[in-house]
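1. Quick check, what structure comes out for this input:
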Amino acid sequence: MAVKLQEDADPMLDINMTPLIDVLLVLLIMFIVTIPIMTHAVKLDMPRPNPNVIEPPLPPEVIELEIDYDGTILWNQTVVPGLGTLEQYFHQEGMKEPQPELHIRANKRAKYDTVAKVLALAQRQGVNKIGFVGMEQFAD
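-> Below you'll find the model as predicted:
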């Protein structure tokens with residue numbers, strides 16, 4: 001192996017193109033891989049609007065049941081005299097079709113025992129749509 005030393009101090013005018021080509025190929029591959037494929041189209045046959053559309057049913061009846069801190073139970077702002085009367089109300093409402101929604105609003109200081117008894121009565125009489133409202137008072 002012979003080494004040729006240049007005695008001339010002429011600058012080298014040729015650029016090494018290999019690293020430049022390597023970088024460009026890597027960028028090209030990255031560009032191709034990251035382009036989202038937009039050529040795939042899915043044709044959907046959407047149903048045509050039916051002119052004989054039946055209107056949606058009316059929203060269900062809502063029963064507001066409030067349980068006060070002293071155990072007073074209000075059925076749509078009417079005081080319920082006792083749990084026996086409340087059980088009769090639940091029986092009547094549980095037989096309806098569609099069943100009304102029962103919105104229970106318990107006071108923050110209401111006894112847990114009273115709320116549990118009301119929920120048990122509603123469940124025994126077949127009231128299935130039960131929800132609690134006014135829960136923001138318990139956020140503290």
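2. Look at residue 103 and give its secondary structure.
-> Of the three states, residue 103 takes strand according to DSSP: H, G, I helix; E, B strand; the rest coil.
3. can you pull the buried residues of the lowest-mean-pLDDT helix or strand in the chain?
-> Within the chain, no helix or strand scores below helix 18-34, which has a mean of 89 by mean pLDDT, DSSP states H and E. Using 16 or more other C-beta atoms under 10 Å as the test for burial, helix 18-34 gives no buried residues. Any C-beta I mention is one placed from the backbone N, CA and C, and that applies to glycine too.
4. got the CA positions of whatever helix or strand comes next after that helix in PDB?
-> Sequence order places strand 62-67 as the next helix or strand after helix 18-34, per DSSP states H and E. Taking C-alpha atoms only, strand 62-67 is exported to PDB below (Å, rounded to 0.1, in the frame of the first residue of the first chain):
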ATOM      1  CA  VAL A  62     -91.100  13.000  37.200                       C
ATOM      2  CA  ILE A  63     -91.900  12.600  40.800                       C
ATOM      3  CA  GLU A  64     -90.000  15.000  43.200                       C
ATOM      4  CA  LEU A  65     -89.500  13.300  46.600                       C
ATOM      5  CA  GLU A  66     -87.800  15.500  49.200                       C
ATOM      6  CA  ILE A  67     -86.600  14.200  52.600                       C
END
